[in-house]
Structures are given as structure tokens and as C-alpha cells.
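Undergrad: Sequence and predicted model, in that order:
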Amino acid sequence: MKIIATISTKCSEKDFDNLIETCLSNYVNNFRFNLAKFNEEEYDLFTKKCKLLHSENNILSFDIPFPGMKPRIFIYEYPRHITKGEFIYCSNSTKSNCYINVDNFYNYFKLGNNYYYQDGIGFLTVEYISASKIVFRSENEFVLCSGKSLTGGETLKTHINKRIIDLLNNVKPEEIWLSFVEEPMCESLLLSYLEYSPRIFYKIETLKSYENIYNLLTLSDADIVIARGDLGTSFCYNLIDIQYNLLKMSKKFNKMVYLATDFLKSMNISTLPSRADMIDIQFAVQTQCDGIMLNVSNLFNNFSHQVEYIRRCEEQIKRSC
């Protein structure tokens with residue numbers, strides 16, 4: 001089972017080098033970069049770092065914001081502590097202190113509905129809405145950071161970004177993960193712009209993509225990433241069953257399957273995982289998924305303990321079979 005290390009596109013050159021060195025010293029050479037958070041102003045530096053990394057026979061996966069993405073909140077002064085009952089005033093103008101990247105709020109949000117901030121860290125209710133302004137009331141206490149997503153409404157349909165196409169053709173990552181895929185063959189337009197043939201993965205993130213999984217598996221050559229963060233907001237009471245069904249169906253059609261989001265998160269503060277995380281890893285190994293994703297940027301200090309735990313778990317399960 002692959003261990004795929006997520007590296008932030010925003011980290012400094014020094015931090016980038018340290019994170020890569022940590023991964024390689026633990027024999028992890030699969031790297032994933034989320035281009036939904038990519039800063040185009042750092043295009044040249046990011047390209048240089050990735051091409052150098054690629055030249056040393058490492059495997060790169062680029063997660064791109066196409067054919068869809070979630071609305072994201074951007075604030076100029078962050079992090080900001082939000083209390084329960086506090087109102088959060090947002091606009092779709094980039095000049096406002098709190099900006100959400102949508103053209104018309106009516107297309108994505110509804111008055112009185114609830115939305116999750118950052119996969120459930122925050123829980124928000126829409127108190128006021130117009131085409132250009134929206135007000136949320138916080139239902140819990142949390143920390144608001146810039147660039148994090150909102151889940152529960154419509155996803156944003158996105159267009160091909162020329163800068164990202166240039167980056168893909170320049171670096172040529174082995175794998176490209178497509179976000180919020182709900183219909184098969186959405187990659188055909190993307191591939192027409194590329195100068196090479198990468199392996200394509202569909203990220204399963206919404207109720208509609210789950211309901212359409214048969215067509216996604218049979219009408220396309222793409223493999224599958226089960227993105228549990230977003231799926232968890234739609235299937236919070238039966239995510240284990242949903243995850244198992246997706247794995248079983250994907251394997252039936254000989255697809256590669258990766259599992260993503262929050263593996264071994266308890267090791268942020270501990271050298272041993274929580275009992276829930278132990279069961280989570282055991283499930284991934286026993287169901288024979290092809291890879292799991294670890295967020296190295298958040299787990300730098302305990303990354304070696306994570307990798308060791310996963311590998312020992314694999315060894316123990318193989319012996320007992």
C-alpha cells in the first residue's frame with residue numbers, strides 16, 4: 001500500500017526541502033500537491049521545486065480544481081477566533097475583509113440552510129443573503145483561517161486554467177486527481193490540452209458522485225480517490241459503509257483506489273494513534289486499498305511514527321491472513 005505525502009504549495013523553500021527530506025528518509029516517495037490552493041505568483045519557484053523533485057524518480061500527483069471546487073472563505077486578518085452565535089459578514093468582492101469566491105450567492109447558498117466550514121470544524125447558518133453579500137451565524141466555536149472551504153451547498157463549476165495546464169505540461173506529474181467529478185469522461189477536455197498521458201483519478205466527494213459511481217467506473221479509464229472529508233459531510237452516519245461500497249465496486253472493475261483525509265490525525269499530538277485511528281488504518285489495509293494520503297505539512301514532527309505504524313500494521317495483518 002502506497003503512502004502518499006501531501007505537501008503544501010504555500011510552504012517556504014526551506015520548509016519544502018525539509019518536508020521532502022523527511023519523507024524520503026522514511027522511504028516515502030509519492031507526493032501530492034493540491035493546486036486549488038496554488039498561488040500563481042509563485043509559479044516559477046513551485047515549478048522549479050517540483051521538476052527537481054521529479055528528476056530524482058519520485059512520483060508526483062497534482063490535485064487540480066477541475067471540473068469543480070468548493071466555495072472558499074478568504075480573510076485578510078487571520079486566524080480569527082469565532083465564538084458561538086457570532087455573525088460572519090462576507091462579500092463576493094475581493095476588496096472586502098471577508099471574501100467568498102462565488103459570482104452570485106443565490107446560486108450556491110440558501111437562507112436558513114446549514115454549511116460546514118473546513119469539513120466540519122465550523123457549523124454555519126445563513127442569516128441573510130443577497131447576490132453579492134451573505135451573513136452566517138456560527139453554531140459553534142472555532143478558528144477561521146483564510147482559504148478554507150465551505151461544504152453543504154452547490155460546488156463551483158470550473159474552467160480549464162491555462163496556468164495550471166502550463167504547470168502540468170512543464171512538470172508532467174504521473175497522476176492527476178480531478179475534483180468533484182460527478183459525470184464520466186470529464187477529463188477529455190483536460191487531456192486535449194496536455195502534451196503527455198498521465199494517469200487520471202476521479203475524486204469521489206459528493207452524494208451525486210456516489211450515486212453515479214457505476215457510470216464513473218465503467219465509462220471511463222480513470223481510477224478512484226475516496227475523499228472522506230467531503231463525503232463525511234454527506235454521509236456522517238454511515239461513512240464506513242459508503243467507503244466499503246466504493247472500495248468493493250472499484251476493485252470489481254480493476255480500478256486503483258486511494259483513501260484520503262485525516263488518517264492518523266491523532267498523531268498531531270501523540271506518537272501513538274487513537275483507538276479510532278488504529279481501526280481506520282486496519283480497515284484500509286484489510287480492504288486492500290492501493291494508497292492512503294498523509295498530510296505531512298501538519299504532521300511533520302511525528303511523520304516517521306506514522307509511517308512506522310502503517311507498515312507494522314500491514315505486516316501484522318499479512319501474518320494473520
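TA: Good, I have the coordinates.
Undergrad: all contacts plus neighbour counts: C-alpha atoms, from now on.
TA: Will do.
Undergrad: Check which helix or strand Asp15 maps to.
TA: Taking DSSP states H and E as the definition, Asp15 sits inside helix 13-25.
Undergrad: C-terminal to that helix, what's the next element?
TA: Sequence-wise, the next helix or strand beyond helix 13-25 is strand 30-34, with elements assigned using DSSP H and E.
Undergrad: Run through the neighbouring helices and strands of that next one.
TA: Under the contact criterion of 3 or more CA pairs under 8 Å, 6 or more residues apart in numbering; DSSP states H and E, strand 30-34 touches strand 2-6, strand 59-69.
Undergrad: so can I have a markdown table of the ones you listed showing distance to Ile317 and mean neighbour count?
TA: Output for those, formatted as a markdown table (distance: least, CA to CA, whole Å; neighbours: other CA atoms under 10 Å):
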| stretch | distance to Ile317 | mean neighbour count |
| --- | --- | --- |
| strand 2-6 | 16 | 20 |
| strand 59-69 | 27 | 21 |
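Undergrad: Any idea which of these gets closest to Lys255?
TA: Relative to Lys255, the nearest member of the helices and strands packed on strand 30-34 by CA to CA is strand 2-6, separated by 14.8 Å.
Undergrad: can you give me the mean pLDDT across the closest one?
TA: With pLDDT averaged residue by residue, strand 2-6 scores 94.
Undergrad: For that strand, which outside residues touch it?
TA: Counting by CA atoms under 8 Å, 6 or more residues apart in numbering, strand 2-6 makes contact with 23, 28-34, 290-297, 307, all of which sit outside it.
Undergrad: could you dump the helices and strands packed on strand 30-34 to TSV with distance to His81?
TA: Shown next, in TSV, are these (distance: least, CA to CA, whole Å):
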stretch	distance to His81
strand 2-6	26
strand 59-69	26
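Undergrad: Nearest to Met185, out of those?
TA: Within the helices and strands packed on strand 30-34, the stretch nearest Met185 is strand 59-69; the backing value is 10.7 Å (CA to CA).
Undergrad: Strand 2-6 and that closest one, what's the angle between them?
TA: With axes from the mean of the first three to the mean of the last three CA atoms, to 10 degrees as the basis, strand 59-69 and strand 2-6 are set at 60 degrees to each other.
Undergrad: Mind naming the longest helix for the chain?
TA: Longest helix in the chain, counting residues (DSSP state H): helix 303-320.
Undergrad: now that helix: how far from the chain's centre is it?
TA: Relative to the mean C-alpha coordinate of its chain, helix 303-320 is positioned 24 Å out (CA atoms, centre = their mean, to the nearest Å).
Undergrad: Need the residues that contact it.
TA: When contacts are taken as CA under 8 Å, 6+ apart, the neighbours of helix 303-320 outside the stretch itself are 3, 22-23, 26, 264, 267, 271-272, 281-282, 285-286, 296.
Undergrad: quick one: buried residues of stretch 267-281?
TA: 267-268, 272-273, 277-278, 281 (16 or more other CA atoms under 10 Å).
Undergrad: Likewise for stretch 112-131?
TA: Residues 114-120, 122-127, 129 are the ones in stretch 112-131 that count as buried (16+ other CA under 10 Å).
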